[in-house]
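Got a predicted structure plus its sequence, pasted below:
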Amino acid sequence: MVDQQGRIGKRVLFVGLIVLLVVTASLSAVFYHAYRHALAANPTRQQQSISTAVSSLVVTPSETPEIATIKDASKLTNSALAQKAQNGDVLLIYGKTSQIIVYRPTLKKIVDMLTIQTTPAAATGTGATTPTQPATPTAPTNNRH
């Protein structure tokens, strides 16, 4: 009888360890998935990913661009930009070099390149900026910034 109780005790201990192992592995998988999702949603990482994708297609200025996503293209007031931009397109705005690159992530292509023309504040009273004629794209390179 004592021998049978010993076997039952060992069996319970074995089953308990297996259950503990399964629970630990499951929790690890859940936390790892949450960690990967949080990394992908990081705005800095998204900005770097977009900048890298665009710089693989065209030579970009050495500055870090301001990045904006077009949510409603019908609200764009600039005709040069509104002609080609669609919802979901990404604008990379390079202030120092006065350039805007319109990138379409769904196609992984540059849709348009514009030059920002800054009007003097004294002339308009606002110091407004408006995109002008499309810039001529340069040849793609494999250099990564």
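Everything's here; your move. Residues are numbered from 1 along each chain as shown.

any idea how far residue 17 is from residue 78?
66 Å (Cβ to Cβ, to the nearest Å). (Each C-beta comes from the backbone N, C-alpha and C, glycine too.)

ugh, wrong one, residue 88
Distance from residue 88 to residue 78, by Cβ to Cβ: 18 Å.

and if you look at residue 94?
For residue 94, the distance to residue 78 - Cβ to Cβ - is 16 Å.

Run through the chain and note the low-pLDDT ranges.
Along the chain, segments meeting pLDDT under 70 span 1-3, 118-145.

Name the residue closest to the centre of it, please.
For the chain, residue 46 is the residue whose C-alpha lies nearest the centre (Cα atoms, centre = their mean; 2.5 Å).

contacts for whatever helix or strand it lives in?
In the assignment (DSSP states H and E), residue 46 maps to helix 43-55. With contact meaning Cβ atoms under 8 Å, 6 or more residues apart in numbering, helix 43-55 is reached by 39-40, 60, 64-65, 67, 90, 92, 101, 103, 105, 108, 110, 143-145.

how far away is residue 104 from residue 78?
Separation of residue 104 from residue 78 (Cβ to Cβ): 17 Å.

Same question for residue 62.
Residue 62 sits 26 Å away from residue 78, going by Cβ to Cβ.

Between the two, point out the one with more neighbours.
residue 78 (14 against 9; other Cβ atoms under 10 Å).

what's the distance between residue 22 and residue 12?
Distance of residue 22 to residue 12, computed by Cβ to Cβ: 16 Å.

Phi, psi for residue 106 please.
phi -70, psi -30 (degrees, to the nearest 10).

Which residue is the nearest non-sequential neighbour of it?
Distances taken as Cβ to Cβ, 6 or more residues apart in numbering put residue 88 closest to residue 106, at 6.5 Å, once the chain neighbours are dropped.

The one you found: neighbour count?
12.

now swap in the one 3 residues further on and tell me
Summarising burial for residue 91: neighbours were counted as other Cβ under 10 Å, giving 19.

what do you get for residue 54?
Residue 54 has 21 nearby residues by other Cβ under 10 Å.
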